[in-house]
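Trainee: Dropping a prediction and its sequence here:
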Amino acid sequence: MTPIPGAPGLTVTHRRYVPYAHAHYAGDLVDGAYALGLFGDVATEVCIRLDGDEGLFASYQDVQFTAPIRAGDVVEVTATVARMGTRSRSLEFAAVVVCRGSGGSAAQVLDPPLTAVTARGTVVVPPP
């Protein structure tokens, strides 16, 4: 297999404002599946960049929910390539809250940001 420039180590980052329409629980909490969906989005971009194909998510390993994500947050989600197989790619994920609403239309930048979810996952791509 020909080495792919930038992998492993390639990192893709997306930022997203979490709308109030996604709040499902008291305190404007968003369900954990919201972060997993964002992980799928960055994994798709990783596959496109490395393989020219959207790929398929095969599995998650070691998902850790360490802090809440709330409506009104700005979340930064990253995927970093940890390992490359012939058709599989192991990715490390993090969802970090970088801004948080503080009532009404007020919000604040979090310094330091708050790590909300981490995970490892495997994606597969078609044969070369």
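Mentor: In hand now; what should we look at? Numbers count the residues shown, from 1 in each chain.

Trainee: can you list the weak-confidence ranges in this structure?
Mentor: Applying pLDDT under 70 to the chain flags residues 1-6.

Trainee: Swap in 80 and give it another go.
Mentor: By pLDDT under 80, the low-scoring segments of the chain are 1-7, 128.

Trainee: What sits closest to the residue most central in space within it if chain neighbours are left out?
Mentor: When C-alpha atoms, centre = their mean is applied to the chain, the residue found nearest the centroid is Phe39 (3.1 Å). Among residues not flanking Phe39 along the chain, Phe93 sits closest, at 4.6 Å (C-beta to C-beta, 6 or more residues apart in numbering). Backbone N, C-alpha and C define where each C-beta goes, glycine included.

Trainee: show me what contacts the nearest residue to Ala23 once chain neighbours are set aside?
Mentor: Closest residue to Ala23 apart from its sequence neighbours, by C-beta to C-beta, 6+ apart: Ala71 at 3.9 Å. Shown in contact with Ala71 (C-beta atoms under 8 Å, 6 or more residues apart in numbering): Val18, Pro19, Tyr20, Ala21, His22, Ala23, Asp28, Val30, Gly101.

Trainee: The last one against Arg70, yeah?
Mentor: Yes - using C-beta atoms under 8 Å, Gly101 and Arg70 qualify as a contacting pair, with a distance of 7.0 Å.

Trainee: joint contacts of the two?
Mentor: Counting by C-beta under 8 Å, 6+ apart, the contacts common to Gly101 and Arg70 are Asp28.

Trainee: hey, where'd the strands end up in this protein?
Mentor: 11-17, 23-25, 29-30, 56-65, 74-84, 88-101, 107-124 (DSSP state E).

Trainee: Could you check how far the shortest one is from the centre of its chain?
Mentor: From the chain centre to the centre of strand 29-30 is a distance of 16 Å (C-alpha atoms, centre = their mean, to the nearest Å).
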